[in-house]
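*Asks:* A predicted structure for the sequence below; I have some questions about it.
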Amino acid sequence: MGMRVLIFGASGRTGQVLRAAAEQAGHEVLPPAHAECPLEQAEQVSDLVLTSGAGLVVNCAAISGLEACAADPLQAHLVNAVAPAAMALACRHTGARFVHLSTDYVLCGRKPGLKDENARCRPISWYGESKREGELQVLEALPTAVVARVSWVCGNPARPSFIESTLARALAGQPLAAVADKVSLPTDAADIARAALALGNSDYAGVVHLTSSGEPLSWWQCATLALQCAAGLGALPAAPPVQQQKLDEVPFFKEPRPRHTAMDNTRLTSRLGISMPTARETIATVTHRFLETRF
């Protein structure tokens, strides 16, 4: 049976896909634009939730650019922490379920290996700090909320990720380079949307890692796999070479990035029964979807 779903950030990479998935499932979607409800204005955010009549509220909105967060930490705090807390508190009053999307960047990323939900959070950027504060404030305001950490979101050709951008450059014959010493798990926005709706329909509370399964990959590996897939589908005569870069050598990265933030999704898949593809399967799916929009 359909319900009313309020989606903050419905025009973003994940939000667009979530909106389509919710509508396809028969839900009525309320997708407020920033002009209608500026996230910097917590009172307006709260009022919208209180008057929306939504049975489920999903927050996909964030200031996710690391340099943008460092340039204006106050705005990052307001959007990434204060606004989600206002949503959570309003849901506490209305009884709506609340799913808040967070990030693997709340982890410090110093040690290799998969991190579960009990891993210590030590963000190393203003972005990570503001998102971690958002997690804490959401769960304090509404202990029944779901905080779903996602990583390396891809799969929306209208909002290209690193994978789609690499494919576009390859199709244009441009030189390619990618960081080889930073790893995580690319996750399809379609899988995030599916899981978010399932979590919203569950009684789960707390943090959960909503990410692909399998072996962590570097950006260089993601690029190489996507290009090999494109060549296999006939979009490229052969997979072009990709120059390996070091994270510290990328000139436009002014803020530090964590290196090892791949998350263990066992709680999501085993305890909650929400299946997720491997990272390699995700790249193949995302590549195929992107190429369908180009040919």
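*Replies:* That came through, no problem.
*Asks:* could you pull out the helices for this protein?
*Replies:* Under the criterion DSSP state H, helices of the chain are mapped to 13-24, 42-52, 66-71, 73-77, 83-94, 126-141, 162-171, 189-200, 219-232, 266, 279-294.
*Asks:* Now render those as JSON lines, adding mean pLDDT.
*Replies:* As requested, those are arranged in JSON lines below (pLDDT from 0 to 100):
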{"stretch": "helix 13-24", "mean pLDDT": "98"}
{"stretch": "helix 42-52", "mean pLDDT": "97"}
{"stretch": "helix 66-71", "mean pLDDT": "96"}
{"stretch": "helix 73-77", "mean pLDDT": "97"}
{"stretch": "helix 83-94", "mean pLDDT": "98"}
{"stretch": "helix 126-141", "mean pLDDT": "98"}
{"stretch": "helix 162-171", "mean pLDDT": "97"}
{"stretch": "helix 189-200", "mean pLDDT": "98"}
{"stretch": "helix 219-232", "mean pLDDT": "98"}
{"stretch": "helix 266", "mean pLDDT": "97"}
{"stretch": "helix 279-294", "mean pLDDT": "96"}
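*Asks:* Residue 120: neighbouring residues, count only.
*Replies:* 8 (other C-beta atoms under 10 Å). Every residue, glycine included, has its C-beta placed from N, CA and C.
*Asks:* whoops, residue 113 was the one
*Replies:* Neighbours of residue 113 (other C-beta under 10 Å): 10.
*Asks:* ok, for it, nearest residue in space, not its chain neighbours?
*Replies:* Leaving aside its chain neighbours, residue 113 sits nearest to residue 260 (7.0 Å; criterion: C-beta to C-beta, 6 or more residues apart in numbering).
*Asks:* Now do the contacts for that neighbour.
*Replies:* For residue 260, the contacting residues are 109-113, 182-184, 216, by C-beta atoms under 8 Å, 6 or more residues apart in numbering.
*Asks:* what's across from it in the sheet?
*Replies:* Under DSSP bridges, the beta-bridge partners of residue 260 are residue 183.
*Asks:* pLDDT on the longest strand seen in the chain, on average?
*Replies:* When the chain is parsed with DSSP state E, its longest strand is strand 97-103. When pLDDT is averaged over strand 97-103, the result is 98.
*Asks:* what's next to it, contact-wise?
*Replies:* Counting by C-beta under 8 Å, 6+ apart, residues outside strand 97-103 touching it are 14, 55-60, 62, 64, 84, 87-88, 91, 127-128, 131-132, 134-135, 138, 142, 144-151, 192, 196, 199-201, 207, 210.
*Asks:* let's go with 6 Å and repeat that
*Replies:* Residues from elsewhere that reach strand 97-103 (C-beta atoms under 6 Å, 6 or more residues apart in numbering): 56-60, 84, 88, 91, 131, 135, 138, 142, 145-150, 196, 199-200.
*Asks:* Please identify the pairing partners of it and their relative orientation?
*Replies:* Paired strands of strand 97-103, with direction, are strand 56-59 (parallel), strand 146-150 (parallel) (DSSP bridges).
*Asks:* any idea which of those is most buried?
*Replies:* strand 56-59 (a mean of 27; mean count of other C-beta atoms under 10 Å).
*Asks:* mind exporting that one as PDB, just the C-alpha atoms?
*Replies:* What follows is strand 56-59, C-alpha atoms only, in PDB (Å, rounded to 0.1, in the frame of the first residue of the first chain):
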ATOM      1  CA  LEU A  56       8.400   8.200   5.700                       C
ATOM      2  CA  VAL A  57      11.000  11.000   5.500                       C
ATOM      3  CA  VAL A  58      14.300  10.300   3.700                       C
ATOM      4  CA  ASN A  59      17.200  12.800   3.800                       C
END
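*Asks:* mean confidence for that strand?
*Replies:* Mean predicted lDDT for strand 56-59 stands at 98.
*Asks:* Is it correct that residue 186 is in contact with residue 155?
*Replies:* No. When contacts are counted by C-beta atoms under 6 Å, residue 186 is not listed as touching residue 155 (8.6 Å).
*Asks:* Pull the number of nearby residues for residue 247.
*Replies:* Neighbours of residue 247 (other C-beta under 10 Å): 16.
*Asks:* what pairs with residue 30 across the strands?
*Replies:* Here residue 30, judged by DSSP bridges, has bridge partners residue 6.
*Asks:* is it true that it touches residue 7?
*Replies:* No. Contact criterion C-beta under 6 Å: residue 30 and residue 7 do not qualify, at 7.0 Å.
*Asks:* re the thing from before, for the residue nearest to residue 113, give its distance to residue 63.
*Replies:* 24 Å (C-beta to C-beta, to the nearest Å).
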